[in-house]
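>>> From the sequence below, what's the structure:
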Amino acid sequence: MARMDTREAKCGIRGWNSSMKGTLEIRRQIPTVGALGIGSLGFLYLPLITVLVFSFNKSEDATVWGGFSTHWYSTVVHNSDLLRAAKFSLSLALPTSLLAATLATGLAIGLGIGGNRRMAILQVLVNAPLILPEIVTAVGTLTFFSAVKIPLNFTSLLAAHVVLCVPFAFLPIRSRLRDIDLSIFEAAQDLGADSWRVLRKVTVPLLLPAILAATLLSFIISMDDFLTSMFLSGPNTTTLPLYIFGLLKLGASPEVNVISALLLVIPTFGLILSLMWRKKRGK
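Got it, this is the predicted structure:
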């Protein structure tokens, strides 16, 4: 057993060395690859770094550096309208993520794994909103609500966000379901488990990582959504993106940089904690 472990370790080291040699060879043949990679990272992260830096700007102009200060952080913390919009966005994103993940799980399981043509057509219909412009879905939803006399309130906005998020939540769950060996379900049924027990004890636990990923993805999309919220928001349903847009119409206030910095730092901190927890659990 020890010899087999040693051989596997040697094979892993050789594979890693060969991949590194291949990477170095590509960099020698194409010298601009390294510079292109650094440039791409800079293009991705320089705007985020700029937002973080200018959130500590002392000037009243968000685009002109006037010195270091935390004044605008205290201003944002005591902004009752901002806190109300953030609270509303959270109260909307939480049920949206749970409902979208639940519906996406049911769709993924219901469509199955086989290559049935009818199921393939249904899967295309579920994924169709991903390739449609969001404004089309938003206008269509608004027209439908107006036609059936549904008022624009929290419930209608929640329904619209769920419709928006279900296709995104469907992707990781469907992908995970495709990777599961079907013999596991057959073995559970051979051991006497009925369909409901197989669902609770086998299917859902195997899909749990994908369901959590779908829930998180739906939460982020709902918190970040602007177009659907703009078309379907009614009285007292101002989300955080709509509030930020309102601030920008009044001018480039430093509060916008502070809000953006907080929206950047808080999820990043949560991601770091999640990675630390997974690493600790792996040990």
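>>> ok, the residue with the shortest distance to the centre of the chain - contacts?
Central residue check for the chain by C-alpha atoms, centre = their mean: the C-alpha nearest the mean position is that of Leu217, 2.6 Å away. Neighbouring residues of Leu217 by C-beta atoms under 8 Å, 6 or more residues apart in numbering: 165, 168-169, 172. Heads up, the C-betas are built off the backbone N, CA and C, glycines and all.
>>> can you pull the buried residues of stretch 42-52?
By neighbour count on 16 or more other C-beta atoms under 10 Å, the buried set for stretch 42-52 is Val51.
>>> Alpha carbons of it, in PDB - could you do that?
What follows is stretch 42-52, C-alpha atoms only, in PDB (Å, rounded to 0.1, in the frame of the first residue of the first chain):
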ATOM      1  CA  GLY A  42      -5.000  44.900 -14.300                       C
ATOM      2  CA  PHE A  43      -8.000  45.600 -16.600                       C
ATOM      3  CA  LEU A  44     -10.200  43.500 -14.300                       C
ATOM      4  CA  TYR A  45      -9.000  44.800 -10.900                       C
ATOM      5  CA  LEU A  46      -7.900  48.400 -11.400                       C
ATOM      6  CA  PRO A  47     -11.500  49.700 -11.400                       C
ATOM      7  CA  LEU A  48     -12.200  47.800  -8.200                       C
ATOM      8  CA  ILE A  49      -9.000  49.100  -6.600                       C
ATOM      9  CA  THR A  50      -9.900  52.700  -7.700                       C
ATOM     10  CA  VAL A  51     -13.300  52.400  -6.000                       C
ATOM     11  CA  LEU A  52     -11.700  51.200  -2.800                       C
END
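>>> so how far is Gly192 from Thr237?
Between Thr237 and Gly192 the distance, using C-beta to C-beta, to the nearest Å, works out to 50 Å.
>>> what about those two, which has more around it?
Thr237 (18 against 7; other C-beta atoms under 10 Å).
>>> For the more buried one, grab phi and psi.
phi -130, psi 50 (degrees, to the nearest 10).
>>> quick one: pLDDT of it?
Listed pLDDT for Thr237 reads 86.
>>> Roughly how far does it sit from Ala261?
Using C-beta to C-beta, we find Thr237 at a distance of 25 Å from Ala261.
>>> Domain map for the chain?
2-72, 78-251 (automatic domain parsing).
>>> deepest of those domains, which one?
Stretch with highest mean neighbour count among the domains of the chain: domain 78-251 (a mean of 16; mean count of other C-beta atoms under 10 Å).
>>> circling back: would you mind giving the domains of the chain as JSON lines with distance to Val265 added?
Shown next, in JSON lines, are these (distance: least, C-beta to C-beta, whole Å):
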{"stretch": "domain 2-72", "distance to Val265": "8"}
{"stretch": "domain 78-251", "distance to Val265": "14"}
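>>> can you tell me which of these comes nearest to Thr268?
Using C-beta to C-beta as the measure, domain 2-72 is the one of the domains of the chain that comes nearest Thr268, at 9.5 Å.
>>> separation between Arg200 and Asp194?
10 Å.
>>> Likewise for Val148?
39 Å.
>>> So which residues of the stretch 151-283 of the chain form helices?
Applying DSSP state H, counting those that start in this stretch to the stretch 151-283 of the chain gives helices spanning 154-179, 183-190, 195-198, 204-224, 227-232, 240-249, 254-282.
>>> Out of those, the one nearest Trp65 is which?
Among these, the nearest to Trp65 by C-beta to C-beta is helix 254-282 (10.7 Å).
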